[in-house]
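Colleague: Please work out how this folds:
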Amino acid sequence: MENVASWGAYLLSRDILTVSFAPRDTHEAQVQFALERGVPALIGILASKRLPYPSRAFDMAHCSRCLIPWGQYDGLYLIEVDRVLRPGGYWILSGPPINWENHWKGWERTAEDLKAEQTTIENVAKRLCWKKLKQKGDLAIWQKPTNHVHCKVNRKLFKKPSFCQAQDPDTAWYTKMEDCLTPLPGVNNIKEIAGGQLAKWPERLNTVPPRISSGSLTGITAETFRENTELWRKRVEYYKTVDYQLAEPGRYRNLLDMNAYLGGFAAVLVHDPVWVMNIVPVEAEVNALGAIYERGLIGTYQNWCEAMSTYPRTYDLIHSDSVFTLYKDRCEAEDILLEMDRILRPEGSIIFRDDVDVLVKVKSILDAMQYDARIVDHENGPKVREKILLAVKQYWTAPAPALETQEQSKSNS
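Modeller: Okay, here's the model as predicted:
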């Protein structure tokens, strides 16, 4: 990320969604600035754990003066970028050491040091079977192969990194990075795209994702996908009748779906001036985050018994579908609600969908948190046990300490 996600903000004008990430920074909170601009962003860092995204998720990865030591640790961080890039995806590097010949004095590093760094990066990229497409000015662009047919042959020449053995490439919650190359799905010929060809946007949104059509997601078929898409179209239409602000263009911008499943909620809202961060809980029965990315949507993994990697007051609307049923025996509802309250801006809204008994308990807690909350019937009528709870976070502040002291002294006298 650079300049508070200016690259991501520019791409939004081209109907392209980005996920910017940067470390937590008390001096320059880039993620917070990005979210306040209405640009998707998460707190994150390349260190020892995998990024919280599935394999083959992104069409492009971009680093602009991100100061990540790409060539160190046997190219471990580039290996992780390779894991999350889709077949044929691009990696763009801007800033040191690119164009060191013209900038080395201003960067206050020796020309030899910068040249060695770029050489190391070039060598790692070759070992990953990436092709360097272009270097012009301060930019260099590499492309990941569309399959690993040639790369498997190249392992005779490049011993490292070897291909990973018996690991789930989509597991990415507290999962340690490995210095091995994530193998792409097998192909029948050199021209075939590993994992399946993705449709072009916007057809990509409602085309059955290759992960589903190939049978990679247990229990989810093409028919399941189509039915889910239609179900959420009906549900969102109903949401807009009971929460008129959701139907009001510009009222909301940053949306969070706490239990996204196949991303149906986000897909229906794609023509509204909003974006949705789709969360697949690590406890979910099916890990469909890869399919969500194949639809052209964005998201991340999350355990809702823990804090989310974002700043306070950064989302305008939160959607919670069966989250409290999912975490019933894992952690307290109060803890989840307090985290939701932390990341929701004042006067922001929450839409809960769950069993009526669960929602009655949730509403009692929200009332104590000074939310304006009400329960309404399911879109199919009052006889359905599943209900919808609409809640609005009130804008209020605690009274000043001096005022509290005066009131206490009056009551004592």
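Colleague: helix/strand/coil for residue 361?
Modeller: Three-state call for residue 361 (DSSP: H, G, I helix; E, B strand; the rest coil): helix.
Colleague: Contacts only, for it.
Modeller: Counting by C-beta atoms under 8 Å, 6 or more residues apart in numbering, residue 361 makes contact with residue 333. Bear in mind the C-beta positions are built from the backbone N, C-alpha and C, glycine included.
Colleague: mind checking pLDDT for it?
Modeller: On pLDDT, residue 361 comes in at 98.
Colleague: now do residue 4
Modeller: Model confidence at residue 4, given as pLDDT, is 58.
Colleague: Nearest the middle, which residue of this protein would you pick?
Modeller: The residue lying closest to the centre of the chain (C-alpha atoms, centre = their mean) is residue 299, at 2.9 Å.
Colleague: What about the residue nearest to it when sequence neighbours are not counted, how many residues nearby?
Modeller: Distance criterion C-beta to C-beta, 6 or more residues apart in numbering; nearest residue to residue 299, sequence neighbours excluded, is residue 278 at 3.2 Å. With neighbours defined by other C-beta atoms under 10 Å, the count for residue 278 comes to 27.
Colleague: Next: the one 10 residues further on.
Modeller: By other C-beta under 10 Å, 28 other residues sit near residue 288.
Colleague: For the nearest residue to it once chain neighbours are set aside, give its distance to residue 324.
Modeller: The shortest distance from residue 288 to any non-neighbouring residue, by C-beta to C-beta, 6+ apart, is to residue 262 (5.3 Å). Distance from residue 262 to residue 324, counting by C-beta to C-beta, to the nearest Å: 20 Å.
Colleague: And the two? Which one has more around it.
Modeller: More neighbours surround residue 262 than the other of residue 262 and residue 324, with 26 against 21 (other C-beta under 10 Å).
Colleague: Please look at the more buried one and residue 291 and confirm they touch.
Modeller: Yes: under the criterion of C-beta atoms under 8 Å, residue 262 makes contact with residue 291 at 6.2 Å.
Colleague: Show the end-to-end separation of stretch 187-194, please.
Modeller: One end of stretch 187-194 sits 6 Å from the other (C-alpha to C-alpha, to the nearest Å).
Colleague: quick one: contacts of that stretch?
Modeller: The set of residues external to stretch 187-194 that reach it, using C-beta under 8 Å, 6+ apart, is 87-88, 146-150, 184-186.
Colleague: Would you mind giving me the ChimeraX syntax to select the buried ones in the residues you listed?
Modeller: Buried subset of those, written as a ChimeraX selection, criterion 16 or more other C-beta atoms under 10 Å:
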select :87,146,147,148,149,184,185
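Colleague: Quick check: longest helix in this protein by residues?
Modeller: Of all the segments assigned as helix in the chain under DSSP state H, the longest by residue count is helix 222-242.
Colleague: on contacts alone, who are the packing partners of the helix or strand just after that helix?
Modeller: Once the chain leaves helix 222-242, the next helix or strand it forms, by DSSP states H and E, is strand 254-257. With contacts defined as 3 or more C-beta pairs under 8 Å, 6 or more residues apart in numbering; DSSP states H and E, strand 254-257 has these neighbours: helix 264-268, strand 275-281, strand 315-321.
Colleague: what sits against residue 143?
Modeller: 88-91, 130-131, 133.
Colleague: So which of the residues you listed is the closest to residue 30?
Modeller: Distance to residue 30, by C-beta to C-beta, is smallest for residue 91 among the contacts of residue 143, at 20.4 Å.
Colleague: Write down the beta-bridge partners of that closest one, one by one.
Modeller: With DSSP bridges applied, residue 91 shows beta-bridge pairing to residue 61, residue 142.
Colleague: separation between it and residue 184?
Modeller: The spacing between residue 91 and residue 184, counted by C-beta to C-beta, is 16 Å.
Colleague: re earlier: now the helices and strands packed on strand 254-257 in TSV, with mean pLDDT?
Modeller: Shown next, in TSV, are the helices and strands packed on strand 254-257 (pLDDT from 0 to 100):
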stretch	mean pLDDT
helix 264-268	99
strand 275-281	99
strand 315-321	99
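Colleague: Would you mind telling me which of those is nearest residue 158?
Modeller: strand 275-281 (34.0 Å).
Colleague: what angle separates that closest one from strand 315-321?
Modeller: 40 degrees (axes from the mean of the first three to the mean of the last three C-alpha atoms, to 10 degrees).
Colleague: Neighbouring strands - and their directions - for strand 275-281?
Modeller: Going by DSSP bridges, the partners of strand 275-281 are strand 254-257 (parallel), strand 298-302 (parallel).
Colleague: Determine which stretch of those is the most buried.
Modeller: strand 254-257 (a mean of 25; mean count of other C-beta atoms under 10 Å).
Colleague: Could I have the CA atoms of that one written out in PDB?
Modeller: Only the C-alpha atoms of strand 254-257 are listed here, as PDB (Å, rounded to 0.1, in the frame of the first residue of the first chain):
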ATOM      1  CA  ASN A 254     -17.900   0.100   3.700                       C
ATOM      2  CA  LEU A 255     -19.800  -3.200   4.300                       C
ATOM      3  CA  LEU A 256     -18.800  -6.300   6.200                       C
ATOM      4  CA  ASP A 257     -20.400  -9.700   5.800                       C
END
